[in-house]
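Trainee: Please find the sequence and the predicted model below.
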Amino acid sequence: MMDLKQLKIRILKEDDDMLTIEEIDRLLNNSVEPKEKWFYRGLKHMYENHYTEAIKWFQLVNDNLSRYLIYLIAFKLKDEFIMQEYKTDIENLDLKLKPVFVYRDRIIYPKEIVK
């Protein structure tokens, strides 16, 4: 049984390296577009385990990736209501940033555990 408290949500870049908090800070500081700033601010909160705050920023962005991140956060927090509200199919989207779970230093793709 997986302990969801140890489950982290992280982002893989196109080169399959993990996006770091330092890179998120740099992207946030270099962004001019408001929705882009909100997205990176949400990512930063997510990386810092401030999930409720991250959801607020992702709701402002309201694109497919942000909705999917809210869905994954809801899964981690075991919030069925939010999961149903934000269930998003991103399987066929070509994303530059790919959300993954990290559990005890192991990368797990969301579709492996979120049904």
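Mentor: Nice, thanks for sending it over. Everything quoted here is computed from the prediction, not taken from an experiment.
Trainee: quick one, helices of this protein?
Mentor: Here the chain has its helices, by DSSP state H, at 21-30, 34-47, 51-61, 64-77, 80-86, 110-113.
Trainee: for the most centrally placed residue in the chain, what are its contacts?
Mentor: The chain has residue 69 as the residue nearest its centroid, 3.8 Å off, counting by Cα atoms, centre = their mean. Residue 69 makes contact with 9, 42-43, 46, 54, 58, 99 under the criterion Cβ atoms under 8 Å, 6 or more residues apart in numbering. Every C-beta, even on glycine, is put in place using the N, C-alpha and C of the backbone.
Trainee: do that again at 6 Å, thanks
Mentor: Going by Cβ atoms under 6 Å, 6 or more residues apart in numbering, residue 69 touches 58, 99.
Trainee: Output the helix or strand bottoming out on mean pLDDT in the chain as PDB, nothing but the C-alphas.
Mentor: When the helices and strands of the chain are compared on mean pLDDT, DSSP states H and E, helix 110-113 comes out lowest with a mean of 90. C-alpha atoms of helix 110-113 as PDB (Å, rounded to 0.1, in the frame of the first residue of the first chain):
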ATOM      1  CA  PRO A 110       0.100   9.100 -13.200                       C
ATOM      2  CA  LYS A 111      -1.800   6.700 -15.500                       C
ATOM      3  CA  GLU A 112      -0.100   3.800 -13.600                       C
ATOM      4  CA  ILE A 113      -1.900   4.600 -10.400                       C
END
